[in-house]
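Enquirer: What follows is a predicted structure for the sequence shown.
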Amino acid sequence: LLLLVLLHAGFLVGMADAQQWQTLTIVGLNGNCSCNNASTILTCSGLGLTTLPSNLSHCSSLTTINLNYNSLTALPPGLLGGLKQLTYLYVISFLQLARLT
């Protein structure tokens, strides 16, 4: 298995109350990358990824995703539609990519 997705809970403490958040960690052959619901940039360049988790849209504030230099063949169905803030998707050397949906 080349990809492991870990979800762990944490807490952000605000002025008046606590807001629960979760971090999504994507583990590849050459390292890992992670995001949470407040992250705006996800950098997963050169990690040897062959797939992405279908729940990546959990990181709903992402504006930029860097997937350069991986071995992905497709993106999870609905990924681009689930990330409403996404402005930049970097996929240089995505030689095996069959489709973007």
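Expert: Arrived safely, thanks for sending.
Enquirer: Identify the residue nearest Cys44 in space, chain neighbours excluded?
Expert: Closest residue to Cys44 apart from its sequence neighbours, by CB to CB, 6 or more residues apart in numbering: Cys33 at 4.0 Å. In short, each C-beta sits where N, CA and C put it, glycine included.
Enquirer: So which residues of the chain form helices?
Expert: For the chain, the helices defined by DSSP state H cover 79-82.
Enquirer: which residues of it score low on pLDDT?
Expert: Scanning the chain with the threshold set as pLDDT under 70 gives 1-21, 93-101.
Enquirer: one more time with 50, if that's ok
Expert: Along the chain, segments meeting pLDDT under 50 span 1-19.
Enquirer: hey, where'd the strands end up in it?
Expert: Using DSSP state E, the strands of the chain run over 4-13, 18-28, 31-36, 41-43, 64-66, 88-90.
Enquirer: returning to that earlier point: can you get me a residue count around the residue nearest to Cys44?
Expert: Around Cys33 sit 20 other residues, with neighbours defined as other CB atoms under 10 Å.
Enquirer: Leaving out sequence neighbours, find the closest residue to the residue nearest the centre of the chain.
Expert: In the chain, the centroid-proximal residue (CA atoms, centre = their mean) is Leu56; its distance is 4.9 Å. Counting by CB to CB, 6+ apart, Leu79 is the residue found nearest to Leu56 once chain neighbours are left out, at 5.9 Å.
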